[in-house]
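J.: Sequence first, predicted coordinates after that:
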Amino acid sequence: MSYRLSRDVIDLGQHLMNTRTGELYEVDECGRTLLSNLPTGENPPEGEVFDFMRTEGLLVDPSEQKDRGKFLLQLHVLNACNLKCRHCYDWKNPTVTLTYEQELTVLDNFADFLKKMEMDGEISFTGGEPLLYDHLSELIDYAKSQDVFIKPYVLTNGTVPPNTKILECLIRHQAGVQISIDGTEAIHDEIRGTGNYRKSIAGIKKFLSVGLKVSVHYVIMRRNAKAIPEFIEAMEDIGIERVNFSCLVPIGPGAQEEMLTPSENREVIENVALLQRGRSISLLSTRPLWYTVGSSGFCPVGYNTLTIDAAGQFMPCRRLPISLGDARHDTFFRVWFGSEFLQKIREREKYVQICGTCPQADVCGGCRALAYAVTGDAFAPDPSCLLACKM
Ligand SMILES: C[S@@+](CC[C@H](N)C(=O)[O-])C[C@H]1O[C@@H](n2cnc3c(N)ncnc32)[C@H](O)[C@@H]1O
Ligand code: SF4
Ligand code: SF4
């Protein structure tokens, strides 16, 4: 658990001031030590001083601040990978990535943005394969050292055994781990290469064994749609609590053939909802179109997310490869408030065809990445939706 000073509180050195009540609190040596240990989250604070600060509302647990907005950054630390999955959007040649120093500046810049926006942050460190990146633990430590709450996640294929340094870092910050599994053993290996299912399962077990929360990501496509029931049983057997399903976005050669039709897509979602009944594992995705089974699927693009790809380009989402700026010299503010593309997404009634004025717009909105991949127009209706196709 990591705590931080409430945003109402100013640290005046020898005193803390609650700007809401005007009250001043003297900070003794014990209080000062407690405050200086907060940003690392290494030793969760406890004791009388801590209890007092919590009761007075000087310290807060960010997860209790339900009203605070959250901003999601997906940071691609490299596009190199040890696998070559059939469906992967990262199919282009290796790129010139940001340097480690530039990445640190990006993290400073992000923290500055969060503070001014008065939001908490989430960073998904991904790639390529992020566990191949030498500076991953330093980047996560640096993100956590910012004086704003940032929850780290690592999105990995699970086949690269984590070294002690990265494991300790993930444990220290209670990072979330997401591992990709795309079917039963035979199907997963067909998509991701022979022997990789076993390696990824071993990866899941390793992260679970040290007490980390692990979720599994499953990209639904033609060749693995029927394998879902068997896959769910396998995930339950190894103790997975959450599966995130998402739809294939056909980027790269041969990917269009793997897309489901809108009615097949609807059927898969409904079947997953049936499989959810009586199970404690969480299966309902929060992606567009899952509103049909009672989940909210509103896409955060334009509302609370940005991606930076391995080449340092700001994008609305990694599956929506439209450059919004360059992280080497553009700030989050400039991109977030200056992008005409994002502005048009926010004015969806005016610009987004069918989905923008659909009665389900607030719980769905359609997937802009799918629209772009299939039609070349991010403002087209979602091609995986039955409703949009009928109109
Ligand atoms: C690009 S990978 C990076 C992290 C790691 N290498 C992995 O495989 O999990 C992140 C996630 O994006 C998914 N993904 C890749 N290409 C996709 C596509 N065309 N459509 C939808 N998801 C895709 C992968 O299956 C994976 O779950
Ligand atoms: S492991 Fe991840 S990044 Fe690598 S090819 Fe597969 S989906 Fe792409
Ligand atoms: S038309 Fe668009 S917003 Fe409406 S349900 Fe279909 S995908 Fe969702």
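T.: That came through fine. Ligands and ions are numbered 1, 2, ... in the order given.
J.: contacts, neighbours, all on C-alpha from now
T.: Noted.
J.: what's in contact with the host helix or strand of residue 110?
T.: For residue 110, the element it lies in under DSSP states H and E is helix 100-117. Applying C-alpha atoms under 8 Å, 6 or more residues apart in numbering, the contact partners of helix 100-117 are 71, 120-121, 135, 139, 142-143, 146-148, 327-328, 331-333.
J.: following it, which helix or strand shows up next?
T.: strand 120-126.
J.: Buried ones in the following helix or strand past that following strand, by neighbour count?
T.: Toward the C-terminus, strand 120-126 is succeeded by helix 136-144 as the next helix or strand (DSSP H and E). Residues of helix 136-144 classed as buried under the neighbour-count rule (16 or more other C-alpha atoms under 10 Å) are 136-137, 139-141, 143-144.
J.: If you drop the residues flanking it in sequence, what lies closest to residue 139?
T.: Once flanking residues are discounted, residue 139 sits nearest to residue 104: 7.0 Å by C-alpha to C-alpha, 6 or more residues apart in numbering.
J.: Against residue 126, how distant is that neighbour?
T.: Applying C-alpha to C-alpha, to the nearest Å, the value for residue 104 to residue 126 is 15 Å.
J.: neighbour count winner among these two?
T.: residue 126 (24 against 17; other C-alpha atoms under 10 Å).
J.: ok, the more buried one to ligand 1 distance?
T.: Distance from residue 126 to ligand 1, counting by C-alpha to the nearest ligand atom, to the nearest Å: 5 Å.
J.: Look up the residues forming beta bridges with that residue.
T.: residue 76 (DSSP bridges).
J.: Pull the number of nearby residues for residue 278.
T.: Around residue 278 there are 7 residues (other C-alpha under 10 Å).
J.: And residue 268, by the same measure?
T.: Neighbours of residue 268 using other C-alpha under 10 Å come to 17.
J.: give the contact list for it.
T.: Contacts of residue 268 (C-alpha under 8 Å, 6+ apart): residue 225.
J.: Which positions in the host helix or strand of it come out as buried?
T.: If you go by DSSP H and E, residue 268 is part of helix 262-276. Buried residues in helix 262-276, defined by neighbour count with 16+ other C-alpha under 10 Å: 262, 265-266, 268-270, 272-273.
J.: now stretch 278-295
T.: Buried residues in stretch 278-295, counted by 16+ other C-alpha under 10 Å: 281, 283-293, 295.
J.: That one and ligand 1, any residue contact?
T.: No: counting by C-alpha under 6 Å from any ligand atom, ligand 1 is not contacted by stretch 278-295; separation bottoms out at 11.8 Å.
J.: In the stretch 251-391 of the chain, where is pLDDT below threshold?
T.: Regions of the stretch 251-391 of the chain meeting the criterion pLDDT under 70 cover residues 253-254, 390-391.
J.: Alongside ligand 3, which residues does it contribute?
T.: So the stretch 251-391 of the chain meets ligand 3 at 289, 354-355, 358, 360-361, 364-366, 381-382, 385, 387-388 (C-alpha under 6 Å from any ligand atom).
J.: residue boundaries of the helices in the stretch 201-350 of the chain?
T.: Ranges of helices in the stretch 201-350 of the chain, per DSSP state H, counting those that start in this stretch, are 228-237, 262-276, 332-338, 340-346, 348-351.
J.: wait, what's in contact with the residue in the stretch 51-200 of the chain that ligand 1 sits nearest to?
T.: Closest residue of the stretch 51-200 of the chain to ligand 1, C-alpha to the nearest ligand atom: residue 88 (3.3 Å). Residues in contact with residue 88 (C-alpha under 8 Å, 6+ apart) are 251-252.
J.: Repeat the analysis, applying 6 Å as the threshold.
T.: Shown in contact with residue 88 (C-alpha atoms under 6 Å, 6 or more residues apart in numbering): no residues.
J.: In terms of helices and strands, where is it?
T.: Residue 88 belongs to no helix or strand when elements are defined using DSSP H and E.
J.: So what does the closest residue to ligand 2 within the stretch 151-300 of the chain look like in phi/psi?
T.: The minimum distance from the stretch 151-300 of the chain to ligand 2, using C-alpha to the nearest ligand atom, falls at residue 157 (4.9 Å). Main-chain torsions, residue 157, degrees, to the nearest 10: phi -80, psi -10.
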